[in-house]
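Student: model the structure of this input:
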Amino acid sequence: MHMPLTNPTHFNSDLRTPDRLELGVCYYPEQWPCEKWEEDARRMVELGLSWVRIGEFAWAQIEPRRGEFHWAWLDQAIEILGGAGLRVILGTPTAAPPKWLVDLYPEILPVDATGVVRKFGARRHYCFSNRRYRLEAARITEAVARRYGENVHVHAWQTDNEYGDHDTIYSYSSEAQRAFRLWLAERYGSIDELNRAWGTSFWSMRYDSFQEVDLPNSLVEEPSPTHGVDFIRFSSDQVKSFNKAQVDIIRAHSPGRPVTHNFMSQNTDFDHYKVGEDIDVASWDVYPMGGLLNGRLSAKDKERYLRVGDPDQPAFNHDLYRAVGRGRVWVMEQQPGPVNWAGHNQSPADGMVRLWTWLAYAHGVDMVSYFRWRQAPFAQEQFHSGLLLPNSEADQGYFEVAAVMEEMKRLPKGEVRGKAKVAIVLDYESRWATRVLPQGRSYSASAIALDWYSTVARFGADVDFIGQHSDIDGYRLVLAPDLVIAEEAFVDRLARSEAKVVFGARSGSKTKDMHIPEGLPPGPLAKLIDLSVSRVESLPEFHSERVLYGNETYAAGGWRETVRTEETVIASFDGPYRQGSPALVGNDKARYLAVAATGALLDKVIGDALGWAGLECLPDLGDLRVTRRGRLRFAFNFGQAPAEVPAAATAEFLVGNRSLKPVDVAIWTE
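Tutor: Down below sits the predicted model:
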């Protein structure tokens, strides 16, 4: 049997930040004849790729029967890929338990909210709470890590694959119920404390023991909000502990190699910051075409951006996962063409793969890996493009990657994304609060946060994301679009900081127990701004409120609050209902927005806040986006017409020029 090469003494750790953007690809040697592997590896290197991810769905090939390991094919694949000069990212194969394991232990399968067992035949068919599956996942992870942990060609590891894909965080199995009861007992200590927190005196929901508590599904109405949020908290903790078990095994057998997980765009089913605590690099999977169709924009704007995607959704997630990875972020899967999984699957415009690649680098990404090397001619993803067509001809993405490689040679080495002056708070527990208790059918905290981010981006300002655990030193402006559950310690740190703060509607409106704060919302935020919210209302899409801000009147809708305050009223409601009621109030430290602002009103709120914080901003950039990484400045044109790059007269253009065509990139120094 071919044995994997090992040479740990001379292994060069990849925990470093690379001097320049590195590129990779996702590859599935088990899906192709081994006679193709050497040619594929050679072509990858010729293209300029330096990383290759393999193995994340290969459990059945590695262990076709329990205890019967077939390593030869994977040994050979790693040797061929590594021997050609590629650095291997090896995935733990736990996202796809094999059929023999499911047949042996059918209880590992997840159960949906209606009580139906989700069967074998796709992927992610396991329950995070199942004790047997945790043992099996650890067993296969240990086997793979033990065999390849010191292989000179294995430079990094990926745990599992896309936690949360296909709505797989929440399982309603008997094992989940058992684990949830234990979690509750640890959290609350006594059943009386749970009854208090959950408000079980309402509707006679009192419990006498933790063993009486069921999962919050298949109820006549919605559960207690605290019950619902606690189940999400519990499920999030299950993901963290499941992931950490794999990370600990990998570190024991493969010291010095970075460990990552590939998160999903716009997913808030679990706390990504907490999972990020246990890995070295956060990565995420970039699919802007589906993200557009499933996203926040109007039908008119979706038509306008049909082949380029939402201009701000990829950048939002690059910045978010840079925070999750504590400064280190990769793209593990970059869309190279049309995909297969959205409601409709349009092709990106020619040039977008190149643009998305440079966009990632500009926002701090150190490695971009494309999904996938060759389009599969079989199974579920045969309509999903690769860099190659099924017959191995180069597809459009291949040529755009080649263009990036050539352009990269013109750039200086060692440029690092610096700290921004603007931070946006993304708090996962607050997201869970509005999911469980939305109060309005169309309320979407994700869309609200992306709207705020997009507005800052159109004014040309860079953004960092922070959680309530994050360091806030150095920020001039902190934006909190949806900080529903505000922690006292975070508020105290904000108070001591030099940052100006803008809070969106609903901020501070719930305690950790999902109660209305004593003294009314915004709860602990009253330390920063003297106001109380006495009434909230969610409004239908057909209705529009009017807000008077300065000498202009703006439209607003979706959410409105009645605020009592002695603070300065910056904007007020101007309509027949409670005319003159404050819509935006503030002092020298903080501002509070009592309405769900979008469009021109949000532009006004954010634009004024940037000036209030002493930050320079550009006029509205429209479809142009600008950002910087070290000395390098970048511009990206998502529009359908040429755009003028806002570069100084002394700018030296390294890629592109001052007049930027649609779907084009400019890179310069000043």
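Student: just the helices in the stretch 201-350 of the chain please.
Tutor: All helices of the stretch 201-350 of the chain, identified by DSSP state H, counting those that start in this stretch, fall at 225-253, 272-276, 288-293, 299-304, 313-324.
Student: redo the ones you listed as TSV? Include mean pLDDT, mean neighbour count and distance to residue 573.
Tutor: Every C-beta, even on glycine, is put in place using the N, C-alpha and C of the backbone. As requested, the helices of the stretch 201-350 of the chain are exported to TSV (pLDDT from 0 to 100; neighbours: other Cβ atoms under 10 Å; distance: least, Cβ to Cβ, whole Å):
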stretch	mean pLDDT	mean neighbour count	distance to residue 573
helix 225-253	98	21	28
helix 272-276	98	23	36
helix 288-293	95	22	33
helix 299-304	97	12	27
helix 313-324	98	25	30
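Student: wait, which of the ones you listed is closest to residue 49?
Tutor: helix 313-324 (20.2 Å; Cβ to Cβ).
Student: just checking the distance from the closest one to the centre of its chain.
Tutor: 6 Å (Cα atoms, centre = their mean, to the nearest Å).
Student: which elements pack onto that helix?
Tutor: Packed against helix 313-324 by the contact rule (3 or more Cβ pairs under 8 Å, 6 or more residues apart in numbering; DSSP states H and E) you find helix 272-276, strand 281-286, helix 288-293, strand 329-334, helix 352-362, helix 445-458, strand 463-466.
Student: returning to that earlier point: go through the helices of the stretch 201-350 of the chain and name the closest to residue 474.
Tutor: Using Cβ to Cβ, those put helix 313-324 closest to residue 474, at 14.2 Å.
Student: okay, the closest one in CSV with CA atoms only?
Tutor: The C-alpha atoms that make up helix 313-324 are tabulated as CSV, following Å, rounded to 0.1, in the frame of the first residue of the first chain:
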residue,chain,number,x,y,z
GLN,A,313,-23.9,41.0,-0.1
PRO,A,314,-20.4,39.4,-0.8
ALA,A,315,-18.5,42.3,0.8
PHE,A,316,-20.8,42.2,3.9
ASN,A,317,-19.9,38.5,4.4
HIS,A,318,-16.2,39.0,3.7
ASP,A,319,-16.1,41.6,6.5
LEU,A,320,-18.3,39.5,8.8
TYR,A,321,-16.2,36.4,8.5
ARG,A,322,-13.0,38.4,8.8
ALA,A,323,-14.4,39.2,12.3
VAL,A,324,-15.4,35.5,12.9
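Student: and it with strand 329-334, angle?
Tutor: 140 degrees (axes from the mean of the first three to the mean of the last three Cα atoms, to 10 degrees).
Student: any residues touching helix 313-324, and which ones?
Tutor: Applying Cβ atoms under 8 Å, 6 or more residues apart in numbering, the external contacts of helix 313-324 come out as 263, 265-266, 272-273, 275-276, 282-284, 286, 288, 291-292, 295, 328-329, 331, 356, 359-360, 363-365, 417, 426, 449-450, 453-454, 457, 463-467, 470, 625, 627.
Student: counting neighbours, what do you get for residue 565?
Tutor: Residue 565 has 17 neighbours, counted by other Cβ atoms under 10 Å.
Student: can you tell me which residues contact it?
Tutor: Residue 565 touches 529, 530, 531, 532, 582, 585, counting by Cβ under 8 Å, 6+ apart.
Student: repeat that for residue 263.
Tutor: 162, 163, 164, 272, 275, 282, 283, 284, 285, 321, 324.
Student: and the pLDDT at it?
Tutor: With respect to pLDDT, residue 263 has a value of 98.
Student: beta partners for it?
Tutor: The partner list for residue 263 in beta bridges (DSSP bridges) reads residue 284.
Student: distance of it from residue 275?
Tutor: 8 Å (Cβ to Cβ, to the nearest Å).
Student: anything in contact with each of the two?
Tutor: Common neighbours of residue 263 and residue 275 (Cβ under 8 Å, 6+ apart) are 163, 324.
Student: coming back round to it: among the contacts of helix 313-324, name the buried ones.
Tutor: For the contacts of helix 313-324, a neighbour count by 16 or more other Cβ atoms under 10 Å gives the buried set as 263, 265-266, 272-273, 275-276, 282-284, 286, 288, 291-292, 295, 328-329, 331, 356, 359-360, 363-365, 417, 426, 449-450, 453-454, 457, 463-467, 470, 625, 627.
Student: residue 612: what's it in contact with?
Tutor: Residues counted as contacts of residue 612 (Cβ under 8 Å, 6+ apart) are 477, 500, 591.
Student: one more pass at 7 Å, please.
Tutor: residue 500 (Cβ atoms under 7 Å, 6 or more residues apart in numbering).
Student: need the helices of the stretch 201-350 of the chain in a markdown table with distance to residue 558, can you?
Tutor: Converted to a markdown table, the helices of the stretch 201-350 of the chain look like this (distance: least, Cβ to Cβ, whole Å):
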| stretch | distance to residue 558 |
| --- | --- |
| helix 225-253 | 20 |
| helix 272-276 | 26 |
| helix 288-293 | 21 |
| helix 299-304 | 17 |
| helix 313-324 | 20 |
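Student: which of those sits closest to residue 376?
Tutor: helix 288-293 (17.8 Å).
Student: which stretches of this structure have low pLDDT?
Tutor: Along the chain, the model assigns pLDDT under 70 to residues 1-13.
Student: what's the offset of stretch 284-300 from the middle of its chain?
Tutor: Stretch 284-300 sits 13 Å away from the centroid of its parent chain (Cα atoms, centre = their mean).
Student: dump that stretch to CSV, restricted to CA.
Tutor: Extracted C-alpha coordinates of stretch 284-300, given in CSV (Å, rounded to 0.1, in the frame of the first residue of the first chain):
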residue,chain,number,x,y,z
TRP,A,284,-17.2,31.0,3.7
ASP,A,285,-18.9,30.0,0.4
VAL,A,286,-19.6,32.8,-2.0
TYR,A,287,-22.7,32.3,-4.3
PRO,A,288,-23.9,35.8,-5.3
MET,A,289,-26.3,34.7,-8.0
GLY,A,290,-28.5,32.7,-5.7
GLY,A,291,-27.9,35.3,-2.9
LEU,A,292,-29.4,38.0,-5.2
LEU,A,293,-32.6,36.0,-6.0
ASN,A,294,-33.1,35.0,-2.3
GLY,A,295,-32.1,38.4,-1.0
ARG,A,296,-33.3,41.8,0.2
LEU,A,297,-33.6,43.8,-3.1
SER,A,298,-36.7,44.7,-4.9
ALA,A,299,-37.7,42.9,-8.1
LYS,A,300,-36.7,46.0,-10.1
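Student: give me the contact list for that stretch.
Tutor: 162, 262-265, 302, 305, 309-310, 313-314, 317, 321, 331-335, 339, 341-346, 348, 356, 447, 450-451.
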